[in-house]
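# quick one, what's the 3D model for this:
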Amino acid sequence: MILADKIINERKKNGWSQEELAEMLSVSRQSVSKWESAQAAPDLNRIIKMAEIFGVSTDYLLKDDYEEYKEEILDGEKESINIRKVSLEEANRYINVVKKNTPSAVIATVLLTLCPVALIELSGLSVFLDNFFPVTVATLIGLLTLFACVAFGVIIWVFVEVKEKEFSYLNKDSFETLYGVDGMVKEKKKAFDTKRVPLQLFAILLFIFCPVGILTAGLLDADPLIIISMVSLLLIMVAAGVGIFIYTIRINKSYVNLLKEEMLTPAQKKAQRIRSGLSGAYWCIVAATYLLLGLAFNLWHLAGVIFPVAGVIYAAALGIVKIFVDKD
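Below you'll find the model as predicted:
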């Protein structure tokens, strides 16, 4: 196999177009086309750069008979060669895609969290303004708003998942980062941590203080309309807190995903997958319990301690998982 064929094979294996490969090598698409049609040959610097990008040796690119003895490589070396290599350009593109999609993910999450607000407010108003705003009309509008928020939230999340699907291998497959990637990612992560920690602390404060309005209104025996408004305020504060967590977690995870081959053992990766699956279900159950106690049974004095207690239990559960991971 000649150099031209090897360039074509490696480019297609990575799913790149001639334009994308040309951009990585800082050359024109016409140059790549000429290399692949054997009308011209790349200089030594380009060959070295291609070997780095493709994750192969320069011998493989330069020696036409390399494939004849390539099969003699030991199994461990074969596996190392077949592991996907993540270049600096690809790592930057992944980080930028996640950043670009994160506002959409935050909006989707906020919509899903706030979906019952219109129904709650309109139902409350209709009780006091029945002559002008019948309960049936208020309920219908509230339900339509709820379903619309849920539908838009889910659709936005689906679009986010589709746009990031090409990078799913970072969560599933083994990969290696090429020269310069780890240093760049660690630097970006360190810079982001300076604002991630304060933002997450602010979100925790929102969760802790979100029931204060309802509890105060209940203790003061406030007007029912005020209590209903406090319920909406609670949901708004919860939505803000969840939105902050979605923003910080997604951005931070883009860095962790690129570094995790060095940071996590196989057992830790398994534990991370388990935590990801259980965390979502756990906090949905916590939120549902909170709203059920408050809205259905009017037990806001009990609902107010749900999130602090749930946070302590969650931290304890994470500690138990870590113990078993370390033991493995």
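# from now on I want contacts and neighbour counts done on CA atoms only, so please keep to that.
OK.
# buried ones in whichever strand or helix holds Gly243?
Of the helices and strands defined by DSSP states H and E, Gly243 is found in helix 224-263. By neighbour count on 16 or more other Cα atoms under 10 Å, the buried set for helix 224-263 is 226-248, 250-252, 254-261.
# check which helices and strands it is in contact with.
In this structure, helix 224-263 packs against helix 88-114, helix 117-128, helix 169-172, strand 175-177, helix 181-209, helix 212-219, with contacts taken as 3 or more Cα pairs under 8 Å, 6 or more residues apart in numbering; DSSP states H and E.
# looking at the ones you listed, which is closest to Val32?
Between Val32 and the helices and strands packed on helix 224-263, the shortest separation by Cα to Cα is 17.8 Å, and it involves helix 88-114.
# what's the average pLDDT for the helix holding Gly243?
Taken as a whole, helix 224-263 has an average pLDDT of 82.
# could you give the angle of it to helix 88-114?
Helix 224-263 and helix 88-114 are oriented at 160 degrees to each other (axes from the mean of the first three to the mean of the last three Cα atoms, to 10 degrees).
# so what are the domain limits for the protein?
If the domains of the chain are taken from automatic domain parsing, they occupy 3-81, 101-168+193-259, 266-328, with pieces of a single domain joined by a plus sign.
# how long is the longest one end to end?
Terminal residues of domain 101-168+193-259 lie 21 Å apart, using Cα to Cα, to the nearest Å.
# ok, back up a step: which one of the helices and strands packed on helix 224-263 lies nearest to Ser28?
Sorting the helices and strands packed on helix 224-263 by Cα to Cα, the top spot, which is the nearest, belongs to helix 88-114 at 16.8 Å.
# got the buried residues for that closest one?
In helix 88-114, residues buried by neighbour count (16+ other Cα under 10 Å) are 88, 90-91, 94-95, 97-98, 101-102, 104-114.
# that older thread, least confident of the domains of the chain, on average?
Among these, domain 266-328 carries the lowest mean pLDDT, at a mean of 60.
# and the closest residue to Leu143 other than its chain neighbours, what does it touch?
By the measure of Cα to Cα, 6 or more residues apart in numbering, the closest residue to Leu143 outside its immediate chain neighbours is Leu119, 6.1 Å from it. Listed by Cα atoms under 8 Å, 6 or more residues apart in numbering, the contact partners of Leu119 are Ala138, Thr139, Ile141, Gly142, Leu143, Thr145, Leu146.
# next, count neighbours for Val150.
Per other Cα atoms under 10 Å, the neighbour tally for Val150 reads 20.
# got the angle between the host helix or strand of Glu19 and helix 88-114?
Secondary structure from DSSP H and E places Glu19 in helix 18-25. Helix 18-25 and helix 88-114 are oriented at 110 degrees to each other (the same axes, to 10 degrees).
# who does helix 18-25 touch, helix- and strand-wise?
Packed against helix 18-25 by the contact rule (3+ Cα pairs under 8 Å, 6+ apart) you find helix 29-36, helix 44-54.
# redo the ones you listed as TSV? Include distance to Leu125 and mean neighbour count.
Supplementary listing: the helices and strands packed on helix 18-25 in TSV, determined by distance: least, Cα to Cα, whole Å; neighbours: other Cα atoms under 10 Å:
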stretch	distance to Leu125	mean neighbour count
helix 29-36	64	17
helix 44-54	63	17
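# okay if I get the ones you listed as TSV plus distance to Thr177?
Compiled in TSV, the helices and strands packed on helix 18-25 are given as follows (distance: least, Cα to Cα, whole Å):
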stretch	distance to Thr177
helix 29-36	24
helix 44-54	10
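# of all the ones you listed, which one is nearest Trp16?
Each of these has some distance to Trp16 by Cα to Cα; the shortest is helix 44-54, at 10.8 Å.
# so which elements touch the closest one?
Here helix 44-54 is seen to pack against helix 18-25, helix 58-62 when contacts are counted using 3+ Cα pairs under 8 Å, 6+ apart.
# nearest to Leu205, out of those?
helix 18-25 (45.1 Å).
# what comes up buried for that closest one?
Judged by neighbour count (16+ other Cα under 10 Å), helix 18-25 contains these buried residues: Gln18, Glu19, Leu21, Ala22, Leu25.
# of those, which is the nearest to Ser31?
Using Cα to Cα, Ala22 is the member of the buried residues of helix 18-25 that sits closest to Ser31, with 7.6 Å.
# against Val32, how distant is the closest one?
In this structure, Ala22 and Val32 are 6 Å apart, going by Cα to Cα.
# which neighbours do these two share?
Residues touching both Ala22 and Val32 (Cα under 8 Å, 6+ apart): none.
# related to what we said a few turns ago, adding distance to Lys195, write the buried residues of helix 18-25 out as a markdown table.
Output for the buried residues of helix 18-25, formatted as a markdown table (distance: Cα to Cα, whole Å):
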| residue | distance to Lys195 |
| --- | --- |
| Gln18 | 39 |
| Glu19 | 37 |
| Leu21 | 35 |
| Ala22 | 37 |
| Leu25 | 35 |
